[in-house]
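*Asks:* pasting the structure only:
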């Protein structure tokens, strides 16, 4: 308490240090992996070989060859349709709110997606009722069919909609009366519009009420009219436009001759009749290379038996040769959104692409058996729900080769052909020495999947099933017999159901240097896997560990233990050891130390140490309180009395409060900074929603944190083991390093075990002698006063780097963890305290020296910030200096709290350097799945099927760049009228500023007169904002604290640093006035409130000189010169200071 009396402050950061912070730390989103959540539309560019997927959340993903990926976000608006403008690198996107957007792929420094045009608000009514779209091959006109039967034309050159229908319903009704003898009255909704494959002036229109019309766009009249007896669902051309096909609501399809007259049906068939069938929603007919027709359709299954199934059928019939007839109904587990074929030529299909709700399927149509392609990306990592994730960096090369070799057997059923989607270009040097990184996911069905995350694409490398080793009650096999009809084939990997919940994987640990995998499950089962090259019959021997020794009165009322069975393994991972814990509770912590061939595992009842090579129990400890189990009433009374005594007012507490009041009075007089407990309004223009830097001075004011009173029914939670950590450190003496195990529990209890007699065998991989004596004993014990759960324990060396294994701290596998440079340290006064231990609880960080365990420093996060720790990691931040032979490096503690914020602290002083807002505090999935990496990156599940990667250092970039080649001459310049531009300007500002605070480097200005650099001086400038990171991906994460002043939105460029060293509060005194092209545009700062009430641009007035931005700053920031563009000149013509204090 004397630190308050002595008025001690943290040292102020100088200007050089603040600049260094900005260069060392920066939050950026790298990419998204996996399958997009809630997909709604898909499109394909037949020239550029790219696919685009849109989602209900407004996300757009573009994929090409493996490693080529772009993304864009339309800000929480659902996407209905996506259409590529072939060979132009442009996209038309129709959203649910009735707007049509034009996106294009551009390349400046990096490849990115820009939104360049949006339809008018007046077109909203028509676009909301859109039923189908058809882009003509000239890429200049879009036909829009609506629910009332009208067809409109949208001109892409000026991006306007002709509100007068080009094919009105009245004309079609007259045609019906004239040629159909009054059999139908109204055509109904427009279900499908397709252009003739050869004659660009002809289109085929399918109306809901049984009507098909062959229309001539040049003559604006119909050629032929066809009527079927059932409602039309979809139409398509085939055989170079000589024939067309229709599918209908009764599950039938019809093949027509386009040259014949009314109602001459060439073939009509109900494939799965004659009983009532579900509607056939879409049909596609292709002519194979051998001349056989291939009919692909969705739906049409018997309603009584298979109404709940989702299927796409492929039917290839040959009347003269029955051996060439093939018929497969691909049975999917989720709803079908859309499908299309990738053709080698106009009518020669190569692949079938099917977009489902939870996965994407690509089928090889050239191979006779129609196998699936092995997906290089867009994998559904949630095929079974993900329970846990583990990262392994710098995988051993020999291990990786073995893994690929064993995985080749698992992928034998997939197609051998090359991946058909090959768009985009990737510029990088193929290096065989590149480090490989793996992501391990444990699933609810007991499977472990290995994913290669070295690049953006995340292919599945290997899959391990632990369910093969256990007796489980499997559901009856519902596989359909070959003789049953329809001929179903189970397709896809997504299966959210599990036969036994005890199979769920809770923890994973992998050492690629010793080829050892530890898998821990929900029922207390722990399996050790190692590679085998030969087929083997496995008979598992169970080693039981009782964690309740000394607590015999405890009664387990949960699930039973897992029962093993013999199984056959061809090659790959093989079980070498099986340990069953009692009680069979879920594993809560796991740590592997391959140097001593041992691992530690903990549950809510205790922990144990196992030598997996000898299958031997080294130690077991029960963390339950035996006194609490024997005498409940005594425990409850003592607990209440103990808490009351601590919470009571004491002399020490009174003195502390007196000193705080005394210091507070002096601080108010001397300092004008914002107290750390004061929160800035989130709607303020400079709200710290993106980034905070630590205050220069900090008043040590703490919140009141009450003592944790645990009730008796929470005793299992107190005893739960939260972290396990192996380290070879100076545990008992400064002269000798000893293997040790550190155990942290939910009740703030830390056990330290000394492991004597173990020698590292990692270098020569020799076996540990069976007659070697081992000693595993309790060496130290730490009890935290605040009794908060201990989340992580890390032993730090003299360079403040982690030297152990466990506590969910990922390490690079190629580095020997126990033979580091600290072995060569000489024992002197400087190196006595070279090793330290960092104990991280939910509420604070505390560093102790070793071996004395003297407190060195601590940081109370909950007391000062009001947040709780979720995950931590120790990272090395590096920065290249002017001298190429020197690299500046700092070891820091990176922390994720329960509010989704990332804070970075210097080691060993625990001084906070920077604070980011990373994920939403309500996103429980992201917080629980967050995984740090050794390379200053992190991964988390942003949805059940998507894995996001972020980085905390602006120095870390992708090892390659992406480019794309398109027809630049065919990109038409889009010219718009003044009235349209005004509407687009208002709508663009509204849509781009809601629920976001863009950073300066993520804002680009575009001219509405032209997509190109063409400018017209008589037109005002339209401000458009695009949110994208430096990889071309829309990160949704801003990293600039002063980005709330939207300098770039007024054609200003800022070359200064990304971050301010201290949070600042700015008050705008006057509006920003920028003269552009002879007109004045007044813009307010970007904020959530002001964005909702953006007014239209004022009428032209005489030219006025530009006014600078005038703000009030409570703390003087340092901002570099700001350039702004004046008039039509694109160069910086004048420099003025942007901020006056």
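*Replies:* Looks like it arrived, so ask away. None of the values given here were measured: they were computed from a predicted structure.
*Asks:* next, give phi and psi for residue 111.
*Replies:* Here is the backbone geometry of residue 111 (degrees, to the nearest 10): phi -80, psi 130.
*Asks:* ok, now residue 23?
*Replies:* Given degrees, to the nearest 10, the pair of backbone angles that residue 23 has is phi -80, psi -20.
*Asks:* quick one, helices of the stretch 851-1000 of the chain?
*Replies:* 861-865, 924-929, 978-993 (DSSP state H, counting those that start in this stretch).
*Asks:* partner strands of the strand or helix carrying residue 213 and their direction?
*Replies:* Assigned by DSSP states H and E, residue 213 falls within strand 211-216. Applying DSSP bridges, strand 211-216 is found paired with strand 202-207 (antiparallel), strand 221-227 (antiparallel).
*Asks:* returning to what we had before: confidence-wise, which of the helices of the stretch 851-1000 of the chain is weakest overall?
*Replies:* Looking at the helices of the stretch 851-1000 of the chain, the lowest mean pLDDT belongs to helix 978-993 (a mean of 46).
*Asks:* for residue 95, what are its contacts?
*Replies:* 58, 74, 77-80, 101 (CB atoms under 8 Å, 6 or more residues apart in numbering). All C-beta spots, glycine's among them, are computed from the backbone N, C-alpha and C.
*Asks:* and if we set it to 7 Å?
*Replies:* 74, 77-80, 101 (CB atoms under 7 Å, 6 or more residues apart in numbering).
*Asks:* same check on residue 610?
*Replies:* So residue 610 contacts 579, 598-599, 617-618 (CB under 7 Å, 6+ apart).
*Asks:* looks to me like residue 456 is in a strand.
*Replies:* No: read with DSSP: H, G, I helix; E, B strand; the rest coil, residue 456 is coil and lies in no strand.
*Asks:* surely it is in contact with residue 67?
*Replies:* Yes: shown here, residue 456 and residue 67 form a contact pair, counting by CB atoms under 7 Å, at 5.5 Å.
*Asks:* who's more crowded, those two?
*Replies:* The neighbour comparison of residue 456 against residue 67 (other CB atoms under 10 Å) goes to residue 456, with 22 against 18.
*Asks:* quick one on the thing from earlier: how about the strands paired with strand 211-216 in CSV, adding mean neighbour count, distance to residue 556 and mean pLDDT?
*Replies:* Rendered in CSV, the data for these read as follows (neighbours: other CB atoms under 10 Å; distance: least, CB to CB, whole Å; pLDDT from 0 to 100):
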stretch, mean neighbour count, distance to residue 556, mean pLDDT
strand 202-207, 24, 65, 95
strand 221-227, 18, 72, 87
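*Asks:* who wins for proximity to residue 377 among those strands?
*Replies:* strand 202-207 (34.6 Å; CB to CB).
*Asks:* show residues contacting the closest one.
*Replies:* 134, 149, 187-188, 190-196, 212-217, 232, 234-235, 237, 244, 246.
*Asks:* let's see that with 6 Å instead.
*Replies:* Counting by CB atoms under 6 Å, 6 or more residues apart in numbering, strand 202-207 makes contact with 187-188, 191-196, 212-215, 232, 235, 244, all of which sit outside it.
*Asks:* those: which two are farthest apart?
*Replies:* 188 and 196 (22.8 Å).
*Asks:* where does the protein dip in pLDDT?
*Replies:* Along the chain, segments meeting pLDDT under 70 span 1-13, 177-184, 261-263, 428-433, 474-483, 626-716, 758-773, 811-833, 956-959, 975-1141.
*Asks:* count the residues that sit near the closest residue in space to residue 874 that isn't next to it in sequence.
*Replies:* Closest residue to residue 874 apart from its sequence neighbours, by CB to CB, 6 or more residues apart in numbering: residue 802 at 4.8 Å. Neighbour count of residue 802, defined by other CB under 10 Å: 25.
*Asks:* give the bridge partners for residue 802, please.
*Replies:* residue 796.
*Asks:* same deal with residue 750?
*Replies:* Applying DSSP bridges, one finds that residue 750 bridges with residue 744, residue 782.
*Asks:* who's in contact with it?
*Replies:* So residue 750 contacts 744, 782, 790 (CB under 6 Å, 6+ apart).
*Asks:* possible to save the residues you listed as JSON lines with distance to residue 605?
*Replies:* Below are the contacts of residue 750 laid out as JSON lines (distance: CB to CB, whole Å):
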{"residue": "744", "distance to residue 605": "15"}
{"residue": "782", "distance to residue 605": "21"}
{"residue": "790", "distance to residue 605": "17"}
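*Asks:* which of those residues has the most neighbours?
*Replies:* Highest neighbour count within these: residue 744, with 27 neighbours (other CB under 10 Å).
*Asks:* so which residues of the stretch 151-300 of the chain form helices?
*Replies:* Using DSSP H, counting those that start in this stretch, helices in the stretch 151-300 of the chain cover 169-179.
*Asks:* any chance you could map the strands in it?
*Replies:* With DSSP state E, counting those that start in this stretch as the criterion, the stretch 151-300 of the chain has strands at 151-155, 160-167, 190-195, 202-207, 211-216, 221-227, 232-238, 243-248, 253-257, 265-269, 280-287, 293-299.
*Asks:* contacts made by the second one with the rest, please.
*Replies:* In other words, strand 160-167. Contacts for strand 160-167 (CB under 6 Å, 6+ apart): 123, 150-154.
*Asks:* next, the angle from it to strand 202-207.
*Replies:* Interaxial angle, strand 160-167 versus strand 202-207 (axes from the mean of the first three to the mean of the last three CA atoms, to 10 degrees): 80 degrees.
*Asks:* ok, the third one next?
*Replies:* Interaxial angle, strand 190-195 versus strand 202-207 (the same axes, to 10 degrees): 170 degrees.
*Asks:* ok now strand 190-195, how far from the chain's centre?
*Replies:* Relative to its chain's centre, strand 190-195 lies at 36 Å (CA atoms, centre = their mean, to the nearest Å).
*Asks:* which residues touch it?
*Replies:* By CB under 6 Å, 6+ apart, strand 190-195 touches 131-132, 134, 136, 143, 145, 203-206, 208, 232, 234-237.
*Asks:* let's see it at 7 Å
*Replies:* Residues contacting strand 190-195 (CB under 7 Å, 6+ apart): 131-132, 134, 136-137, 143, 145-146, 149, 151, 203-208, 232-237.
*Asks:* parallel or antiparallel, list what pairs with it.
*Replies:* Paired strands of strand 190-195, defined by DSSP bridges, are strand 202-207 (antiparallel).
*Asks:* hey, where'd the helices end up in the protein?
*Replies:* Along the chain, the stretches classed as helices by DSSP state H are 2-5, 15-24, 124-128, 169-179, 303-306, 397-410, 626-630, 632-647, 651-670, 715-719, 861-865, 924-929, 978-993.
*Asks:* so what sits opposite the closest residue to residue 519 other than its chain neighbours in the bridge?
*Replies:* What sits nearest to residue 519 in space, not counting adjacent residues and going by CB to CB, 6+ apart, is residue 527, at 4.7 Å. Residue 527 has these beta-bridge partners by DSSP bridges: residue 519, residue 578.
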